[in-house]
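Here's my sequence, what's the structure:
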Amino acid sequence: MASKKKPTDPSAADPPAGPPAGSSAPRSTGTDPARTTAALAHGSAAGGARFLRPGFALTPEADLAFALGFPHLEYIVDDHPDDARAEMIAYERRSYRLGWPRAVATRWCRITASKGCRRTPQGATELDTAGKKALKNGAPLAPDEIALTLKALFTDTSSYEDLRDLVRLFEAFVGPEPVASSIVDALERSSSAVWTHQDHDRALVMHHVGFLLLRLPPTTADRLRGRLAAVFDRRVKALPSKELGPRRGERGSLLRALDVVLNGRLGAERSGERSEDGIEPGDLVHVTDDADFVREAACRIWPDARLAFLGGEPVLERLLDGFARLRGAHQALLDGFAEVASPAAVQLLQRIAAGKEAPERAKAVLAARGL
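All right, here's what the predicted structure looks like:
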């Protein structure tokens, strides 16, 4: 059987989360069930807390979440009404953003890990025997099960789909340490075929490793970063030229993604993908060492609050100036900017409230701010 894929549920998104104990969302703009995530389990003890910018957001909890990489993470929702139809929703491959129903997320992860689904040219979803078995398994995801899946991602070039959502959900369930450790273990053992195979989904997993490192205690993050640097050096030396020059295409390159994660501005300049407007915004999200560079490089209008956190007020002002070019991105803007304190963020929310894409949600966000 096959089912049409449903679009992402925009109402599942919520403002930043991350109190010191790590897991619950600070506040809601409506009556939605509470969201939790193990991604922020280390709270202010995480290494990324050194990037804290007090007052960037409306609350200390949201400030910390931004320092630790918000909105590049996921949340799990308990007692969500969609869990009553968890099998059907997971079968449809429906996705959420910043708030997945627990039972849906569990089954969705297992289907993805099983490689038991495929999309037809018409956009429908089909499950094979492994996918159907995964769909029926609603037991909680076990840490060992997650580790085996993550290690398998880098043992061959088999096709997976939606890997970025998968790794974010795994982190939401078990936290950054087991996810990061499993990925680094796998990368150390991976073959040259994996590194020469161009795969956009796996490159997105590599990008997420940068956020995992932010959310780990400094000692753990430094140890894993050192191991990743050794992998990077070994893979560069395996190149015919023995060095990594400026990027020339190479879409879906694991090595380029790792360079961006590890090497700040240098990595972004050398390995960031470029368009006629400059470096693609997604390759600037790990540049924590040069706010001026992010401000200048982020010339393409992009609805990622991470860039405003890294580059400051000018990035927000650029969003306002180019608001007409953000058609179709209003839900993503609300995901990221609902609790950003800047007056420019308020103007952004007001423009969304006056528009047609997400006016009611924007009005609720403004009302929660007393506006």
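
so what's Arg324 scoring on pLDDT?
In this structure residue 324 is Ala, not Arg. On pLDDT, Ala324 comes in at 93.

how many neighbours does it have?
Applying other Cβ atoms under 10 Å, we find 8 residues neighbouring Ala324. Backbone N, C-alpha and C define where each C-beta goes, glycine included.

What of the one 5 residues further on?
Per other Cβ under 10 Å, the neighbour tally for Ala329 reads 19.

cool, and Gly272?
Neighbour count of Gly272, defined by other Cβ under 10 Å: 24.

excluding its backbone neighbours, what's nearest it?
Nearest non-adjacent residue to Gly272, counting by Cβ to Cβ, 6 or more residues apart in numbering: Asp283, 3.4 Å away.

And that neighbour, its phi and psi?
Per-residue torsions, Asp283: phi -100, psi 10 (degrees, to the nearest 10).

what's the answer for Trp100, then?
The phi and psi torsions at Trp100 (degrees, to the nearest 10) take the values phi -100, psi 130.

same deal with Pro101?
Per degrees, to the nearest 10, the backbone of Pro101 is at phi -60, psi 140.

Next one: Arg300 from Glu280, what distance?
Arg300 sits 7 Å away from Glu280, going by Cβ to Cβ, to the nearest Å.

and stretch 159-166, how far from the chain's centre?
Relative to its chain's centre, stretch 159-166 lies at 12 Å (Cα atoms, centre = their mean, to the nearest Å).

residues in contact with Leu262?
In this structure, Leu262 makes contact with 225, 228-229, 232, judged by Cβ atoms under 8 Å, 6 or more residues apart in numbering.

how about the residue nearest to Gly272, what does it touch?
260, 268, 271-273.

Just send these back as TSV, with distance to Asn137, pLDDT and secondary structure too.
Listed next are these as TSV, based on distance: Cβ to Cβ, whole Å; pLDDT from 0 to 100; DSSP: H, G, I helix; E, B strand; the rest coil:
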residue	distance to Asn137	pLDDT	secondary structure
Val260	36	96	helix
Ala268	41	95	helix
Ser271	39	95	helix
Gly272	40	92	coil
Glu273	37	89	coil
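
Which among the residues you listed count as buried?
Neighbour-count burial (16 or more other Cβ atoms under 10 Å) is assigned, among the contacts of Asp283, to 260, 268, 271-273.

Would you mind measuring the gap between the ends of stretch 94-112?
End-to-end span of stretch 94-112 (Cα to Cα, to the nearest Å): 12 Å.

Quick check: buried residues in it?
Buried residues in stretch 94-112, counted by 16+ other Cβ under 10 Å: 94-112.

how far out from the middle of the chain is that stretch?
Per Cα atoms, centre = their mean, the centroid offset for stretch 94-112 relative to its chain is 14 Å.

Can you report the mean pLDDT over the residues of it?
For stretch 94-112, the mean per-residue pLDDT is 94.

now stretch 275-282
84.

Quick check: buried residues in it?
For stretch 275-282, the neighbour count (16+ other Cβ under 10 Å) marks 279, 281-282 as buried.

thinking again about what came up before, pick the one among the buried ones among the contacts of Asp283 closest to Asp201.
For the buried ones among the contacts of Asp283, the minimum distance to Asp201 (Cβ to Cβ) is 15.1 Å, reached by Glu273.

now that closest one: how far from Glu126?
Counting by Cβ to Cβ, the gap from Glu273 to Glu126 is 32 Å.

Name the residues that touch the helix or strand containing Asp233?
Element membership for Asp233 (DSSP states H and E) is helix 218-237. Residues outside helix 218-237 that contact it (Cβ under 8 Å, 6+ apart): 47, 177, 180-181, 184, 187-188, 195, 209, 213-214, 216, 242-244, 255, 258-259, 261-262.

how about it as CSV, C-alpha atoms only?
Below are the C-alpha coordinates for helix 218-237, written out as CSV (Å, rounded to 0.1, in the frame of the first residue of the first chain):
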residue,chain,number,x,y,z
PRO,A,218,33.8,20.6,27.6
THR,A,219,36.0,17.7,28.4
THR,A,220,33.9,15.2,26.4
ALA,A,221,33.5,17.7,23.5
ASP,A,222,37.3,18.3,23.4
ARG,A,223,38.0,14.6,23.3
LEU,A,224,35.6,13.9,20.5
ARG,A,225,36.7,17.0,18.6
GLY,A,226,40.2,15.7,18.8
ARG,A,227,39.2,12.4,17.4
LEU,A,228,37.3,14.1,14.6
ALA,A,229,40.3,16.3,13.8
ALA,A,230,42.4,13.1,13.5
VAL,A,231,39.9,11.6,11.1
PHE,A,232,39.9,14.9,9.1
ASP,A,233,43.6,15.0,8.8
ARG,A,234,43.8,11.3,7.7
ARG,A,235,41.1,11.9,5.0
VAL,A,236,42.8,15.0,3.7
LYS,A,237,46.1,13.1,3.4
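
got the buried residues for that helix?
Neighbour-count burial for helix 218-237 flags 218, 220-221, 224-225, 228, 231-232, 235 (criterion: 16+ other Cβ under 10 Å).

Contact partners for the residue nearest to His197 when sequence neighbours are not counted?
In space, and not counting its chain neighbours, His197 is closest to Thr157: 4.3 Å by Cβ to Cβ, 6+ apart. Listed by Cβ under 8 Å, 6+ apart, the contact partners of Thr157 are 193-194, 197, 199.

and which of the residues you listed is nearest Leu73?
Nearest to Leu73 among those is Asp199, at 22.3 Å by Cβ to Cβ.

Lovely, talk soon.
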